Each structure stands twice: as structure tokens, then as C-alpha cells.
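quick one: sequence plus predicted model below, questions after.
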Amino acid sequence: MSGFWSIWVIVLAGLTAGLSLFMFFWAQRMRIDTAEDGTTGHVWAHGVLREAVRPLPWWWVLVSAGAFLFGVLYLFLYPGFGSYAGRIGWTSQGEQQRHTAENDAKLEARLAPLRDLSVEQLAAHDEAVDIGRRLYLDNCAACHGTSAHGNHAVGAPDLTDADWLYGGDDQTILTSILEGRKGVMPPLGGAIGGNGVNEVAAYVVSRVGTQVPADWAAAGKTRFDALCSACHGVDGRGNPALGAPNLVDNAWLYGSNIESVVAAVRDGRNGVMPAWRGRLSDDEARLILAWIKVQGRIQTVGQSSSRPLGATPSKDGS
């Protein structure tokens, strides 16, 4: 706190305390002229109500005196009187650090027995999965959803399917969580024009069974091979080294409808997975991954039980 503001706080605190103390003692000594019946002569309701004068009750005097003494003691022990740090040296920052240390110690006691387990073993451990769920909800659910099914509005991928932009092995996923990812789809609208955008989009959605004009799809394939295959591959199955998504599976970051694909081709996309290294430890990231694996298995079982034998999932996962 600067010198000016310290003085300002001291003046306000001193003035308030001084006025309160003055009013307290003045109220005990002040005398008000009264009539013989003990009233001031002020009447209301046609004389039914009269203003009387009585001494302050003793309990009120004691409570007021106690409150004043408590305030003085508080300012002596704790910071609040300008830059004065208080006799006991208490600070809100120190209190926050103390609580953080206590929470860290409690968390460490729960994490220590799980540290030597593999991610697969953690996924089979009820307590580990429960901790992972809480960590996921605190750190990941805002983008990927509470059930980890993703969010087309922000391009957050579904974490419960088998599709992974950068690879689905444990170490690669942990790298994505802790170090983050940045994916860029360059805009092509300026280079190929509106017709070119529609043709490329038509070709892409035709690969997954959407009906489009055959001449659009044919022209779009030519443009795709020339402009898009360098990242997405000639067969359109993506490239984990670049984070280029597979365009012929049933996983879409921004939606499977033709309008979303046109927008992606025309305007490009910029996807960012923030790095959580400064917020999450390696142990916590592994627990989150264990919970995600459990959700993926639940999703797989649900799809198997609800889809007729031999049916093929659509691009939007239905």
C-alpha cells in the first residue's frame, strides 16, 4: 500500500473510531429537558403517544463498549490500520498459502498409492477413476462437456471415441493434456472461390455417404488432391503428425452438416488445446486419462448394444 493510501485509511479509521467513541460517552452524559411526567412534550396520535426519555439500558452500554474494544484489539492484531501489518503478522496471502499446502498434502496422500500404477490399472481402480472424474470436471468439462462427448461450437473433440487427432496412445494423449496443441486449417476461399469451396466440401461429405451432385464431387476430388491431400492424405484419412483430422470416419470437430464443412474450407479453423502443465501434475493428467478411458469403454458398449448388427455409424455418430 502506498503512503498516500495508508494515511487515507488511517485517517478514516481514526475519524470513525473517534466519532463513535465521542457519541458513546456523550450519550451517557447528555441531559434532555423533560416535563414532570418524564416526557419531552412531543406527542403523536392526538396525544395518545408521548416521547419519553430514559437512560440507555446497561446491556446496550456494555455491548457497545465491548464492540469498540474488539475493534481496537482487531486493528492491533490484524492488518487494517494503513500499512500496519498487525501484531500477529496475519495476511490473506499467507492464509491462502496455508490452505493450499493443507489441500496439497491431502491430495498427495491420495495420489501416492496410485503413482506406480499404469493408466490401464488406474482405469480399473475405482478411487483413481473418481479422482480423475473430479479433475476432468474442474479442468476439461468447460470445452469437452461433462460426459467428454465434445462440443462442435468450439471444435472440442469427442474424447470417448477411437478417433485421436495426434494419436491415441497414452503418452501422446498425456502430451496433449500437459503441453497443449495448436491446429490450423488455412482458409481456402480466397484461393479457390465460392464454387471451389462448394466442390471440395461436396467431395468431403460424399466420402461418408452424403448425397451430392456427382460433378461437384468429381471436381472437388481434383481440388482436394491438389490442395488438401498434403495434410489430410490422398485418401483423406488424416495425419497425426500434423493433427490433420481423418475426413472419412464418424468424428467431426465442428459438425457434419455441409454448412459446417463449407465454412471450414472457406474460412479455415484455428483449434487450440491449452497446455495444463502449470495447473495439472503428471499424476493428475494420468488420472484424467484413466477416467476418459472408462468413458470410452462405456461409449463403445452403448453403441454395440444399441446399433443393429452390421450397421455402419453415420458421420455425426448416430
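Sure thing, it's come through.

need the strands for this protein, in chain order.
39-44, 49-52, 181-185, 269-273 (DSSP state E).

show me what contacts Leu49?
Going by Cβ atoms under 8 Å, 6 or more residues apart in numbering, Leu49 touches Val43. (Glycine included, C-beta is placed from N, CA and C.)

and the strands of the chain as CSV, adding distance to Asn151 and mean pLDDT?
CSV is the format used below for the strands of the chain (distance: least, Cβ to Cβ, whole Å; pLDDT from 0 to 100):
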stretch, distance to Asn151, mean pLDDT
strand 39-44, 66, 82
strand 49-52, 67, 84
strand 181-185, 15, 94
strand 269-273, 12, 94
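
make CSV from these and add distance to Asp163 to it.
What follows is the strands of the chain, written out as CSV (distance: least, Cβ to Cβ, whole Å):
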stretch, distance to Asp163
strand 39-44, 81
strand 49-52, 82
strand 181-185, 14
strand 269-273, 14
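
quick one, which of these gets closest to Trp59.
strand 49-52 (18.9 Å; Cβ to Cβ).

sheet partners, orientation included, of that closest one?
Within its sheet, strand 49-52 is paired with strand 39-44 (antiparallel), according to DSSP bridges.

buried ones in stretch 58-78?
75, 78 (16 or more other Cβ atoms under 10 Å).

ditto for stretch 133-147
For stretch 133-147, by 16+ other Cβ under 10 Å, it's 133, 135-136, 139-140, 143-144.

neighbours around Phe24, how many?
15 (other Cβ atoms under 10 Å).

dump the residue contacts of it.
64-65, 68 are the contacts of Phe24 under Cβ under 8 Å, 6+ apart.

same question for Pro157.
144, 150, 163, 165, 251, 253.

repeat the analysis, applying 7 Å as the threshold.
When the contact criterion is Cβ atoms under 7 Å, 6 or more residues apart in numbering, the partners of Pro157 are 150, 165, 251, 253.

cool, and Leu287?
122, 128, 131-132, 135.

next one: the residue of the chain positioned farthest from its centre from Leu111, what distance?
No residue in the chain sits farther from the centre than Glu36, which is 71.2 Å out by Cα atoms, centre = their mean. Using Cβ to Cβ, to the nearest Å, Glu36 is found at 81 Å from Leu111.

for burial, what's the neighbour tally of His99?
10.

mind checking pLDDT for the residue nearest to Pro187 when sequence neighbours are not counted?
Distance criterion Cβ to Cβ, 6 or more residues apart in numbering; nearest residue to Pro187, sequence neighbours excluded, is Gly268 at 3.5 Å. Per-residue pLDDT puts Gly268 at 96.

quick check: Gly268 vs Gly183, distance?
Relative to Gly183, and taking Cβ to Cβ, Gly268 is found at 11 Å.

which one's more surrounded, the two?
More crowded of Gly268 and Gly183, by other Cβ under 10 Å: Gly183, with 17 against 13.

surely the more buried one touches Gly271?
Yes: here Gly183 reaches Gly271: they are 4.0 Å apart, a contact under Cβ atoms under 7 Å.

returning to that earlier point: residues in contact with the residue farthest from the centre of the chain?
Glu36 neighbours (Cβ under 7 Å, 6+ apart): none.

for it, phi and psi?
When quoted as degrees, to the nearest 10, the phi and psi of Glu36 stand at phi -60, psi -30.

go on, Pro245?
According to degrees, to the nearest 10, Pro245 has phi -70, psi 150.
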